[in-house]
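K.L.:
got a sequence here, can you model it:
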Amino acid sequence: MLELVRSFQSPAFTSALRRVLSLPDGADAQKIREVLGPDGEDAAYLVSLTWESIGVLVFRRELTLDLVDDFFSGPILLSWQKLRVYSEEWRRALNRDTFSEWFHWLAERMTEREKLAPPVPSYIAHRRWRETRRR
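P.N.:
Numbering: from 1, shown residues only. Here you go, the predicted structure:
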């Protein structure tokens, strides 16, 4: 699972995610181009496709939701806040409700988890963790 997760942590993805997270919530295609420039939609598309892929892998139980939550819950939810309108815009333009469907699904799963148990940073939640004694 770790190798699979690492495969999503490329320099291109990291750059795209940073750019997407700089967008205002609910950005549409015009706002993305305005804020990120002419290649801004490429960054939005890369982030969307990455979360889409992870969503499929979670649904098919190739990745656990717990693992994805630990690695990516914040970035997934923040990305969806930024790109929800963009995704809906593309669905209408393409007449295809399946555009970003798994990204949408994954964001909803993360939202449900946070409603049941609000996120607690690991440095707080696991502050009493200790390494197992070595012999």
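K.L.:
give me the number of residues near Leu2?
P.N.:
8 (other C-beta atoms under 10 Å). Every C-beta, even on glycine, is put in place using the N, C-alpha and C of the backbone.
K.L.:
please shift the residue numbers so they start at 40 in all later answers.
P.N.:
Will do, 40 is the new start, and the previous item becomes Leu41.
K.L.:
and it, what pLDDT?
P.N.:
Looking at Leu41, its pLDDT is 70.
K.L.:
packing partners of the strand or helix carrying Lys121?
P.N.:
Taking DSSP states H and E as the definition, one finds Lys121 inside helix 104-133. Applying 3 or more C-beta pairs under 8 Å, 6 or more residues apart in numbering; DSSP states H and E, one finds that helix 104-133 makes contact with helix 41-45, helix 50-60, helix 68-75, helix 79-98, helix 140-155.
K.L.:
would you mind getting the angle between that helix and helix 79-98?
P.N.:
Relative orientation of helix 104-133 with respect to helix 79-98: 130 degrees, computed using axes from the mean of the first three to the mean of the last three C-alpha atoms, to 10 degrees.
K.L.:
and helix 104-133, how far from the chain's centre?
P.N.:
In terms of C-alpha atoms, centre = their mean, to the nearest Å, the centre of helix 104-133 is found 5 Å from the chain centre.
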